[in-house]
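**Q** Please find the sequence and the predicted model below.
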Amino acid sequence: MDDDDLLAELLPRLTQLSNVLNRGRMYEQAISAAGITLERPAMGVLNVLKLSGEPLRIGEIADRMQVAGPHATRQIQGLEQRGLVRRIADPDDQRARLIELTPEGASTADRYMRTVLGWFTGALADWPAEDRRDLGRLLGRMVDDLSAHLKLLDDPGPS
């Protein structure tokens, strides 16, 4: 079996994984179990901020979510109104603003992540630790390399 055949077998599995992770029912189950009442895009903003571990500019949040800036801005405005995020001055540029989680926003993101991670822990409980580490390492490498490759296709630079 050549590399193209191996990759051709991988693509349907990746599609299945994407469908499992992105289907509405899983999200609805997770927010229900975590006691959260947020739409998926708003939860996405909280997760981006939680995973970053630091305040971010709106453009960076939009990039990480792979959405347009105005979409991220609308979500952030709603989260601000609910007291889940706030704007702070950028220490490197006082004219710019960063978005950070409030304590309630961090708690909400934590509850959601604990719920979802609990499901992953249960699903992979019988896997040897080495297999779990290999999965994380290889999946991370694949996502990084594919993202970089696709970015080159989007922006080929000077000809």
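**A** Received, thanks.

**Q** State which strand of the protein is the longest.
**A** For the chain, the strand with the greatest residue count under DSSP state E is strand 93-101.

**Q** for the record, mean pLDDT for it?
**A** Averaged over strand 93-101, pLDDT sits at 91.

**Q** Alpha carbons of that strand, as PDB, please.
**A** Presented in PDB, the C-alpha positions along strand 93-101 are these (Å, rounded to 0.1, in the frame of the first residue of the first chain):
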ATOM      1  CA  ASP A  93       0.100  49.400  22.800                       C
ATOM      2  CA  GLN A  94      -2.200  51.500  25.000                       C
ATOM      3  CA  ARG A  95      -4.400  52.300  22.100                       C
ATOM      4  CA  ALA A  96      -5.300  48.600  21.500                       C
ATOM      5  CA  ARG A  97      -7.500  46.400  23.700                       C
ATOM      6  CA  LEU A  98      -7.200  42.800  24.700                       C
ATOM      7  CA  ILE A  99     -10.000  40.500  25.700                       C
ATOM      8  CA  GLU A 100      -9.600  38.500  28.900                       C
ATOM      9  CA  LEU A 101     -11.800  36.100  30.800                       C
END
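
**Q** so after the worst-scoring helix or strand of the chain on mean pLDDT, what's the next helix or strand?
**A** Counting by mean pLDDT, DSSP states H and E, the chain has its least confident helix or strand at helix 3-22, which shows a mean of 84. For helix 3-22, the following helix or strand on the C-terminal side (DSSP states H and E) is helix 24-34.

**Q** angle of that following helix against helix 3-22?
**A** With axes from the mean of the first three to the mean of the last three CA atoms, to 10 degrees applied, the angle from helix 24-34 to helix 3-22 works out at 50 degrees.

**Q** Mind giving me the packing neighbours of helix 24-34?
**A** Of the remaining helices and strands, those touching helix 24-34 by 3 or more CB pairs under 8 Å, 6 or more residues apart in numbering; DSSP states H and E are helix 40-52, helix 103-123. C-beta here means a position set from N, CA and C on the backbone, and glycine is covered the same way.
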